[in-house]
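Q: 3D model of this:
(chains A, B, C and D)
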There are 2 protein chains.
Amino acid sequence: MTGRPTIHDVARHAGVAVKTVSRVLNSERAVSESTRARVQASIRALDYRPNSAARVLRKHVTRSIGYVCEDISEPVQARLARAIERVASQHESTLTVSLTHHDPGLEQDVIESLLSRQVDGLVLWPTGVGSRFLQRLSSTVPVVCVDRPIDGVETDTVFCDNRRGVGDLVDFLVRRGHRRIGFVGDPADLFTQQERFEAYRTALARHDLKDDPRIVFRQDQDVDQLRKQLHYWRSSPAPPTALVAASSLSATTLVRALPPADPIEIAGFDDFPLADVIRSGITVVMQDIEEIGRAAAETLFRRLSGHNAGFTHTRVSSTLIDRSGEAGTSSPNPGGR
Amino acid sequence: MTGRPTIHDVARHAGVAVKTVSRVLNSERAVSESTRARVQASIRALDYRPNSAARVLRKHVTRSIGYVCEDISEPVQARLARAIERVASQHESTLTVSLTHHDPGLEQDVIESLLSRQVDGLVLWPTGVGSRFLQRLSSTVPVVCVDRPIDGVETDTVFCDNRRGVGDLVDFLVRRGHRRIGFVGDPADLFTQQERFEAYRTALARHDLKDDPRIVFRQDQDVDQLRKQLHYWRSSPAPPTALVAASSLSATTLVRALPPADPIEIAGFDDFPLADVIRSGITVVMQDIEEIGRAAAETLFRRLSGHNAGFTHTRVSSTLIDRSGEAGTSSPNPGGR
DNA sequence: ATGAAAGCGCTAACAT
DNA sequence: ATGTTAGCGCTTTCAT
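A: Here you go, the predicted model:
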C-alpha cells in the first residue's frame, strides 16, 4: 500500500476505463480531445505519477541507461558523464552511474546489478580486461565502449584520435625548432598509452628524427622519480629539449618535477586546469569530451531504436591549443577551478 | 517475451515451488540446506537474474537513490558523486545522477522523473530556489541537501563549515603579517558566498581590522573585470596586501588576472589543481568532500532504515593547507590532472 | 519446511 | 473512440 494514486484512481476520478488513461499517458491517438483533457485534469488533481516499475514489467524498457566508469572524480570521466546525461535526458532516460575503481571484478558486479535492473544499454569505460562474462555481455544489452576497448571483445566504440593528437603535438614541437623530443607517459600497458607512444614514434620518423628509448619515460607518474629522470637527462650527452607528455597526469607531474625556469618545452595530451597560465602556458591537444560523450550516447540510442547493423567505431579528433605565443591571457580557459 | 529465465523456470528446473525460490533469493530462513543448494545450482545453471521491476512492484523499494546536482563536470560535484556512490553500493543500491544545469524548472523535472522511478531517496545539491513542489518533496521521499539549503524548505543537510574555513584563512593571513585583507568572491546571492563573506567580516573584527567595502569584489568572475579592479586597488591610497578568494573559481580567476610577480598574497576557499605549484603554492582551506558525500549518503540511508527523528544538520569542517613555506614540493597534491 | 493463489500497477491484445 | 481481460515476474498471504 503506497498511498500513491494508481491508474485506477485516475480512471475512476475521470469516469473512464483504465485503458483510456493509459492511452493518454502514452500519447496514443485513439482518444478524443475532450476525454483526454478530462483525464489530464484528473491526473493533475490527484497528483498522479505513473509507477515506472509496473510499466517496466510490461514493456521491458526502463528508459534508463548505465554509465560504468572507473572513477567519476576524474575530470574526463565526469565531463563524459555530463555529456551522456544530456543525451539521455533528451531521450527521456535517466543515467545510472556505477564505478569500477579499476577493478575487473567490481566491473562485473556493477554491470550485473545494472542488468538485473534492466538498463536499456550501457556506456562502458572498461577496465580493459576481457572475460567470458564481458564476451557475452554485448549480446545481452547494447554496449558502447569509450576511451578503450575490452580486450578480445568487439562492441561499438567511441575513442579519441590518439594518433592524430600526438602527431599534432610532435609537429608543433618540430615547428618550434626541436629535434630532440622525449616522451613522458603512463605505464605502457594502457591502451591509450600504447596508441600515443606508437604515434609518437611514427611522428618522429615522419620528421626524420631518431627514436631514442633513452629519452622515453613510461611508468607510474611519481614526482621524485621523474625529477631523477630529468636530472639524468640533463647530464646526458644529448638531452631532450622538448617533451611530449602523453596524459594530463604526466604533464602535471612534469610541471611539479621541473624547476620553474627550466627551459625545456612541454606539450601535452589532454588539456588541464591552469595549463593556460602555468609555465607561461602549456600547449596541449584537447580532447573533445563533449563530442565523445554525445557520440557514445547517440550510438547507444541508435541501437535502442532498432539499428542493428555491424559495430561502429568512432574516432573523435582533438584540437591543438597553441599556447606558445605569450603569457596566457587569450587562450581558452580549461575550466580550471 | 524477454527470453530471460524467470523464477518459474528456476522452480521447474529445481523441482520446487516458486515461493521456495523466492525464499532462497531473499535469504529467508525457512528453507532446508539441501533445497537451498539445489535452487542455487539451478539459478547458476540458468544464469538467472531476478527481474528488479517485478520485485519493485511488490516491495515498493528500488534500492536506488538519486543524486541531483547542477553540473557533474564540476570537480566538487563529481567527487561528491563518487563518495555517494561508494556508500550506495555498500547498501546494494545504485546511484542515478540527474543534472539541473542551475535551472529550477529543470530541477523539478528531473526530480519528478526520479520520483516516478521511485528512487528510495535523494541527495540534492539544490539550485536554492524554493517552490511549492520542493516544499512537499521531503514528505514524499527522504531528501538530504548538500552545499546549500532550499530556500524556505527544511530537510536534512550536510554542508561544509564555511565560517570556520574562512576564519582559518583570515587568521592565516593575519599571522603572515597582513592588516589590509580584501575579499574576492562570487555573486553575493549564493548561500555559500553569503556565509563566507559574513565569516570574513567576523574574522576581521576579531582581529580589530577595519571592514572596508572598497576592497571587496563580489560578482561573476571575469578575468578582465578583476584585472581592472586590481589595477584600481593598486592605485588607491590603502591597497590590500592580501586577498581571501572565496571559491576556487575566484582563486583561479585571480591567478589569471595577476601578473606573475605581483606580491599580493592569496588564500583561497577550496583547493584546486596545481594550487601547490602556482605562484609558489597558494594556501587554501580544503573541503573534505569525501566526508560530505559520505555523511549525506549515510544520513539518507539512516532515514531509509526507519530513522524518523527530526532533521539533522551536519557541518563538515575543512582543513587549512599552509603552502606559504616554499615552492611546492611537499604539500598535498590536489589531484591536478 | 514447502506450496497455491492472489495481486502489486501497468499495457497488449482483443473486444465493442 | 473506448472498454475488458489477461498477464508481465515477483512477493505476500494463507494453507498444508
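Q: OK, contacts around A:Gln108?
A: Residues in contact with A:Gln108, defined by C-beta atoms under 8 Å, 6 or more residues apart in numbering or on different chains, are A:131, A:133-134. The way it works is simple: take the backbone N, C-alpha and C, and place the C-beta from them, glycine included.
Q: out of these, who's nearest chain B?
A: When the contacts of A:Gln108 are compared for distance to chain B (C-beta to the nearest C-beta), A:Phe133 comes out closest, at 10.1 Å.
Q: which SS class is the closest one?
A: helix (DSSP: H, G, I helix; E, B strand; the rest coil).
Q: what about it, distance to A:Asp71?
A: Distance, A:Phe133 to A:Asp71, by C-beta to C-beta, to the nearest Å: 21 Å.
Q: interface residues of chain A facing DNA strand C?
A: For chain A, the residues in contact with DNA strand C (C-beta under 7 Å from any atom of the strand) are A:1-2, A:4, A:6-8, A:18-19, A:22, A:25-26, A:50-51, A:54-55, A:57-59.
Q: I figured A:Arg323 was touching A:Ile278, is that so?
A: No. Using C-beta atoms under 8 Å, A:Arg323 makes no contact with A:Ile278, being 9.8 Å away.
Q: if we can go back for a sec, now the residues of chain A next to DNA strand C: which count as buried?
A: A:4, A:6-7, A:22, A:25, A:50-51, A:55, A:57 (16 or more other C-beta atoms under 10 Å in any protein chain shown).
Q: and the helices in the stretch 151-300 of chain A, which stretches?
A: Assigned by DSSP state H, counting those that start in this stretch, the helices in the stretch 151-300 of chain A fall at A:162-175, A:191-206, A:223-234, A:248-257, A:289-304.
Q: on that earlier part again, which one of the buried ones among the residues of chain A next to DNA strand C sits closest to DNA strand D?
A: DNA strand D lies nearest to A:Leu57 out of those, by C-beta to the nearest atom of the strand, at 3.9 Å.
Q: so what's the closest one scoring on pLDDT?
A: With respect to pLDDT, A:Leu57 scores 93.
Q: right, and it touches B:Asn51 too?
A: Yes. Between A:Leu57 and B:Asn51 there is a contact under C-beta under 8 Å: 7.4 Å.
Q: joint contacts of the two?
A: Common neighbours of A:Leu57 and B:Asn51 are not found (criterion: C-beta under 8 Å, 6+ apart).
Q: and A:Ser42, helix, strand or coil?
A: Going by three-state DSSP: A:Ser42 is helix.
Q: which residues does it contact?
A: Contacts of A:Ser42 by C-beta under 8 Å, 6+ apart are A:10, A:13-14, A:21, A:48.
Q: and the furthest pair within these?
A: Farthest pair in the contacts of A:Ser42 (C-beta to C-beta) is A:Ala14 and A:Tyr48. Separation: 10.4 Å.
Q: which ones are touching A:Arg117?
A: By C-beta under 8 Å, 6+ apart, the residues touching A:Arg117 are A:62, A:64, A:96, B:52, B:64, B:94.
Q: can I get the contacts of A:Ser42 in TSV with pLDDT and neighbour count?
A: Formatted as TSV, the contacts of A:Ser42 follow (pLDDT from 0 to 100; neighbours: other C-beta atoms under 10 Å in any protein chain shown):
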residue	pLDDT	neighbour count
A:Val10	92	26
A:His13	92	18
A:Ala14	91	22
A:Val21	92	27
A:Tyr48	92	20
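Q: among those, which are located in helices?
A: A:10, A:13-14, A:21 (DSSP state H).
Q: which of those sits closest to B:Ile282?
A: Of the ones in helices among the contacts of A:Ser42, the one sitting nearest to B:Ile282 (C-beta to C-beta) turns out to be A:Val10, at 58.4 Å.
Q: mind listing what that closest one touches?
A: Applying C-beta under 8 Å, 6+ apart, the residues near A:Val10 are A:21, A:39, A:42-43, A:46, A:48.
Q: on the pLDDT front, check the closest residue to A:Ser64 other than its chain neighbours for me.
A: Using C-beta to C-beta, 6 or more residues apart in numbering or on different chains and skipping residues adjacent in sequence, the residue nearest A:Ser64 is A:Thr94, 4.6 Å away. The model reports A:Thr94 with a pLDDT of 97.
Q: how close does A:Thr94 get to B:Leu122?
A: For A:Thr94, the distance to B:Leu122 - C-beta to C-beta - is 13 Å.
Q: common neighbours of the two, please.
A: Applying C-beta under 8 Å, 6+ apart, one finds that A:Thr94 and B:Leu122 are jointly contacted by B:Leu114.
Q: what's the closest non-adjacent residue to A:Arg164?
A: Counting by C-beta to C-beta, 6+ apart, A:Arg164 lies nearest to A:Ser317, which is 5.8 Å off, once chain neighbours are set aside.
Q: correct me if wrong: that neighbour contacts A:Cys160.
A: Yes. Counting by C-beta under 8 Å, A:Ser317 touches A:Cys160, with 7.5 Å between them.
Q: so for the two, which residue has more residues nearby?
A: A:Cys160 (26 against 14; other C-beta atoms under 10 Å in any protein chain shown).
Q: list the beta-bridge partners for the more buried one.
A: Judged by DSSP bridges, the bridge partners of A:Cys160 are A:Val316.
Q: A:Leu243 reaches A:Ile181, doesn't it?
A: Yes. Taking C-beta under 8 Å as the definition, A:Leu243 is a contact partner of A:Ile181 at 7.1 Å.
Q: give me the more crowded residue out of the two.
A: With neighbours defined as other C-beta under 10 Å, A:Leu243 and A:Ile181 compare such that A:Leu243 has more, 29 against 26.
Q: and the closest residue to the more buried one other than its chain neighbours, what is it in contact with?
A: Leaving out its chain neighbours, the residue that sits closest to A:Leu243 by C-beta to C-beta, 6+ apart is A:Gly182, at 4.7 Å. Counting by C-beta under 8 Å, 6+ apart, A:Gly182 makes contact with A:215-217, A:233, A:240, A:242-244.
Q: columns pLDDT on top of the residues you listed, output as a markdown table?
A: Formatted as a markdown table, the contacts of A:Gly182 follow (pLDDT from 0 to 100):
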| residue | pLDDT |
| --- | --- |
| A:Ile215 | 98 |
| A:Val216 | 98 |
| A:Phe217 | 98 |
| A:Trp233 | 97 |
| A:Pro240 | 98 |
| A:Ala242 | 98 |
| A:Leu243 | 98 |
| A:Val244 | 98 |
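Q: next up, phi/psi of the residue nearest to A:Ser64, please.
A: Backbone geometry at A:Thr94, expressed as degrees, to the nearest 10, gives phi -100, psi 160.
Q: for A:Val16, grab phi and psi.
A: Torsion angles, degrees, to the nearest 10, at A:Val16: phi -130, psi 180.
Q: wait, it touches A:Gln40, no?
A: No. Using C-beta under 8 Å, A:Val16 is not in contact with A:Gln40, being 11.6 Å away.
Q: ok, those two, which is more surrounded?
A: More crowded of A:Val16 and A:Gln40, by other C-beta under 10 Å: A:Val16, with 19 against 15.
Q: per-residue pLDDT of that one, please?
A: The model's pLDDT for A:Val16 equals 91.
Q: I'd like the mean pLDDT over stretch A:63-77, please.
A: Across stretch A:63-77, pLDDT averages out at 97.
Q: hey, C-alpha coordinates of it in CSV?
A: What follows is stretch A:63-77, C-alpha atoms only, in CSV (Å, rounded to 0.1, in the frame of the first residue of the first chain):
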residue,chain,number,x,y,z
ARG,A,63,14.3,4.3,-20.2
SER,A,64,17.4,4.3,-18.2
ILE,A,65,21.0,3.6,-19.3
GLY,A,66,24.1,2.9,-17.3
TYR,A,67,27.4,4.6,-17.3
VAL,A,68,30.1,2.4,-15.9
CYS,A,69,33.5,4.1,-15.4
GLU,A,70,36.5,3.8,-13.3
ASP,A,71,36.4,6.9,-11.2
ILE,A,72,33.8,9.7,-11.7
SER,A,73,36.0,12.1,-9.8
GLU,A,74,38.4,12.1,-12.8
PRO,A,75,37.6,15.2,-14.7
VAL,A,76,37.4,13.5,-18.1
GLN,A,77,35.1,10.8,-16.8
